[in-house]
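> The sequence and its predicted three-dimensional model are supplied below.
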Amino acid sequence: MSYPIELDEYKQQVADLYSHRSSNYDDGDWHPRIAHRLVEYAQLSQGQQILDIATGTGMVAIEAAQIVGNEGQVIGIDISTGMLEQARRKVELLGFCNIEFRLADAEVLDFPLNTFDCIFCSSALIWMSDLLGALQLWHQFLKPGGLLGFHAFADTAFVGGTITQKVLEKYGVSLLFSKPTGTVEKCHNLLQQAGFEAIDIQSEQDGGYISLEKAKGMWTGNGSSPVPGQYPNPILQLSSEQLAQAKIEFDTELEALQTEQGVWNDITIFYTFGKKAA
Ligand SMILES: C[S@@+](CC[C@H](N)C(=O)[O-])C[C@H]1O[C@@H](n2cnc3c(N)ncnc32)[C@H](O)[C@@H]1O
């Protein structure tokens, strides 16, 4: 089965952003660690059918494929050809036969109803144009009793993003970033509205202190990259003079947050699960 892939300008920008990042996306241990944690919470079994939405370089899909074994099947979908290339390269090296990657938009999938035992969306839900609509769509593809699991980051997470938001608010720019899923309550409500039950959300702190220099490098206010859930990027309303001034204010805010250990970079993660009624 293959899906036509027609992307609007927002999604094309997101796909290009991740294709550009794809060759070094797996660097470091942070992404693999949180992907592993999501799979671990799901307690998969041999023989299950798994869908990994916005699979990226396939971290969740590959780990799931190891667990479900050759009796099971994993499909990973993504809009970024670059990310999928990396995923396919890894699977080829591993020689797995129970995993397949497809170029597809998570919001226009047409799998048969009641197909999957588990659907994951790791670190990607906020990129959807319509979060609730996406969750409702994915709910249909789960078998009765099937499990959906996603990560969400608290609205306090990532000091670069939260301070960028705070500074740009003064210039009339309101960025969503993690706000739509930024609290346990918001995650719970979204899943409930989408028809899920037995909702279980585990909150974990994955943050740490970072250097002031690193924090200053986390300025996301230059408008050159797409921002989650907003198109066109509202930062583009600002002039280069306003952005230069906002960056100075961003640095000043961070300097005020510096402690002996550095700047605290909160990364509160919600491992969020819900089931389709049995
Ligand atoms: C932060 S990466 C997460 C990748 C992977 N799930 C992981 O945990 O490492 C976000 C991914 O979402 C994908 N993405 C964003 N919007 C999408 C959409 N509408 N449909 C499918 N994939 C999408 C991007 O291309 C990118 O690979």
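Thanks, I have it.

> secondary structure class for the one residue in the stretch 1-150 of the chain that gets nearest to the ligand?
Per CB to the nearest ligand atom, residue 56 is where the stretch 1-150 of the chain lies closest to the ligand, at 2.5 Å. No exception for glycine: its C-beta is placed from N, CA and C like everyone else's. Three-state assignment for residue 56 (DSSP: H, G, I helix; E, B strand; the rest coil): coil.

> In terms of pLDDT, where does the nearest residue to it once chain neighbours are set aside sit?
Sequence neighbours aside, residue 83 is the residue nearest to residue 56 in space, at 4.6 Å (criterion: CB to CB, 6 or more residues apart in numbering). In this model, residue 83 is scored at 98, pLDDT.

> Could you look up the SS state of residue 83?
Once three-state DSSP is applied, residue 83 turns out helix.

> Run through the residues that contact it.
Contacts of residue 83 were listed using CB atoms under 8 Å, 6 or more residues apart in numbering, and they are 18, 19, 22, 25, 55, 56, 57.

> Now for the residues you listed: which two are most distant?
Maximum pairwise distance in the contacts of residue 83, criterion CB to CB, is 13.7 Å, between 19 and 55.

> Would you mind listing what in this structure touches the ligand?
Counting by CB under 6 Å from any ligand atom, the chain comes close to the ligand at 11, 14-15, 18, 31, 35, 54-56, 59-60, 77-80, 83, 105-107, 122-124, 127-128.

> now, which of those residues lie within helices?
Per DSSP state H, helices hold the following members of the residues of the chain next to the ligand: 11, 14, 15, 18, 31, 35, 59, 60, 83.

> Tell me which residues are up against the longest helix along the chain.
Counting by DSSP H, the longest helix found in the chain is helix 240-257. For helix 240-257, the external contacting residues (CB under 8 Å, 6+ apart) are 159, 163-164, 166-168, 170-171, 212, 215-216, 219, 221-223, 235, 238, 263-264.

> Same check on stretch 30-47?
Residues outside stretch 30-47 that contact it (CB under 8 Å, 6+ apart): 25-26, 50, 59-60, 63-64, 67-69, 71-72, 117-118, 120, 122-123, 147, 149-151, 202, 204, 206, 269, 271, 273.

> Quick check: residue 28 vs residue 34, distance?
Noted for residue 28: a distance of 11 Å to residue 34, by CB to CB, to the nearest Å.
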